[in-house]
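Colleague: sequence and predicted structure below; questions after.
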Amino acid sequence: AASFYNPIDILGDSGADRYEKALSTVLKDERINCVMVLLTPTAVVDVEATARSVMTVAARTDRPILTSFMGKERVEPATKMLLRHGIPNYSYPEEMVSSLHAMYRYHLWLQRPEKRYPTYQEFREKAEQIFIDAKRENRTRLNELEVQNVLHAYGFSPPRSLLARTSEEALAAAKGIGFPVVMKIVSPQISHKSDIGGVKVNLNGKRDVENAFFDITTRVRNLLPSAHITGVLIQEMVPKGREVIIGITSDPQFGHMIMFGMGGIYVEVLKDVSFRIAPLSKEDAHEMIRETKSFPLLRGVRGEPEADIDAIEKSLLVLSQMASDFPQIIEADINPLLVRNRGEGVVAIDARFSIGGD
């Protein structure tokens, strides 16, 4: 029996006139935006006449009509006719539906409101001398203090930090910042400090600091004897929060791209990241965060409060501005960017910058 609902079944013995009548009737309904015609030829079906009926109706409407005439050689003359009249034909219905879905997504994209591109022009001047000095000295990386100063210049909030070259300086720095503290190796040859045991956390007193200084520097000298050790960085111990990573990478084809993902030591394992071409719009930053699989963790699970997602979005936009201000940045990441609860902001715990070119 025929079906008068969607999908409409006009039976296998339908002639071309029934196809034309059914199509015309359907398109009288203003709620119908598109029609897909599926034809599997039977012994009594005139395929070419059916194609002409479809073409006749298509000429009277501005709404898209897609066809899937199946049968390869038997339907080939009819499908050529359809194509000549601008009616796409697909060998299988799945391809037809996929194409319609792509058309719908493109329609939604066209309907999107104009993107908003915020600018932060006031930051560049504060950081420019750091990049000038690095270029003059032919360095490909910024050192720890330079990284901290760049982050400060662009409005990020790194932990309070002091550079120490001896255990005595490390202890004095720790006392000045206040226990507990974190200690990190500082060397231009070492970018992934945790991988070689170059980070010690939760140091709570004189003995902890002295032991950590000896352990870190000895370990680095044994593992990387050619590495130049500038000293150690003493940082305040920041209360826990959710860790994300944001970064810049320079792509040969697309130029600077901005990255977001869940951070910490597992970022290279989880690979739950998203990218956009710089400069970012507010809409880009909003979407980047929400398209990662781990986004629900930022929203809060099992009674956890929501993280400060607005602060992450602003951080991405500021990083995009930095990429535009300094095209010589080849790669940069802030990992982890510690995200506090909603309204409490973010803290740039660690970062690295690789530079080159002009």
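Modeller: Great, that's in hand.

Colleague: quick check: phi and psi at residue 260.
Modeller: Dihedral pair for residue 260: phi -140, psi 140, per degrees, to the nearest 10.

Colleague: how about the contacts made by it?
Modeller: For residue 260, the contacting residues are 244-246, 273-274, 288-289, 292, 312, 316, by C-beta atoms under 8 Å, 6 or more residues apart in numbering. Where C-beta positions appear, they are placed from N, C-alpha and C, glycine not excepted.

Colleague: now do 6 Å
Modeller: Applying C-beta atoms under 6 Å, 6 or more residues apart in numbering to residue 260 gives the contacts 246, 274, 288.

Colleague: just list whatever residues bridge to the first one.
Modeller: So that's residue 246. residue 260, residue 334 (DSSP bridges).

Colleague: neighbours of it, how many?
Modeller: 29 (other C-beta atoms under 10 Å).

Colleague: likewise for the last one?
Modeller: Neighbourhood size, residue 288 [other C-beta under 10 Å]: 23.

Colleague: and the second one, by the same measure?
Modeller: Under the neighbour criterion other C-beta under 10 Å, residue 274 is assigned a count of 17.

Colleague: nearest to residue 307, of the contacts of residue 260?
Modeller: Among the contacts of residue 260, residue 246 lies closest to residue 307 (C-beta to C-beta), at 13.6 Å.

Colleague: who are the contact partners of the closest one?
Modeller: 260, 315-316, 319, 334, 337.

Colleague: mind putting those residues into TSV with distance to residue 125 and pLDDT?
Modeller: Output for the contacts of residue 246, formatted as TSV (distance: C-beta to C-beta, whole Å; pLDDT from 0 to 100):
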residue	distance to residue 125	pLDDT
260	27	97
315	20	98
316	22	98
319	17	97
334	21	96
337	24	95
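
Colleague: which SS state does residue 24 fall under?
Modeller: Look at residue 24: counting by DSSP: H, G, I helix; E, B strand; the rest coil, its state is helix.

Colleague: quick one: the strands in the protein, in order.
Modeller: Secondary structure of the chain (DSSP state E): strands located at 35-39, 65-69, 161-164, 181-186, 199-203, 231-236, 242-251, 255-262, 273-277, 329-339, 346-348, 351-355.

Colleague: now do residue 101 against residue 34, distance only.
Modeller: Per C-beta to C-beta, to the nearest Å, residue 101 is found 11 Å from residue 34.

Colleague: swap in residue 164?
Modeller: As for residue 164, its distance to residue 34 is 68 Å (criterion: C-beta to C-beta).

Colleague: likewise residue 344?
Modeller: Counting by C-beta to C-beta, the gap from residue 344 to residue 34 is 48 Å.

Colleague: how about residues contacting the least confident helix or strand in the chain by mean pLDDT?
Modeller: Confidence across the helices and strands of the chain bottoms out at helix 267-270, with a mean of 71, counting by mean pLDDT, DSSP states H and E. Helix 267-270 is contacted by residues 245, 261 when judged by C-beta under 6 Å, 6+ apart.

Colleague: so, low pLDDT: which residues of the stretch 201-350 of the chain?
Modeller: Scanning the stretch 201-350 of the chain for pLDDT under 70 picks out 265-266.

Colleague: residue 154 contacts residue 123, correct?
Modeller: Yes - Residue 154 is within contact range of residue 123, at 4.6 Å (criterion: C-beta atoms under 6 Å).

Colleague: show the pLDDT at the residue lying closest to residue 27 once chain neighbours are set aside.
Modeller: Nearest non-adjacent residue to residue 27, counting by C-beta to C-beta, 6 or more residues apart in numbering: residue 61, 5.3 Å away. Predicted confidence (pLDDT) for residue 61: 95.

Colleague: can you pull the phi/psi pair for residue 61?
Modeller: The phi/psi pair for residue 61 (degrees, to the nearest 10) is phi -140, psi 150.

Colleague: can you tell me how far it is from residue 183?
Modeller: From residue 61 to residue 183 the distance is 72 Å (C-beta to C-beta).

Colleague: those two: who's more crowded?
Modeller: Ranked by neighbour count (other C-beta under 10 Å), residue 61 and residue 183 place residue 183 first, with 24 against 14.

Colleague: any idea how far that one lies from residue 121?
Modeller: For residue 183, the distance to residue 121 (C-beta to C-beta) stands at 37 Å.

Colleague: what do you get for residue 246?
Modeller: To residue 121, residue 246 is 20 Å away according to C-beta to C-beta.

Colleague: please apply the same query to residue 106.
Modeller: Counting by C-beta to C-beta, the gap from residue 106 to residue 121 is 35 Å.

Colleague: nothing else from me, thank you.
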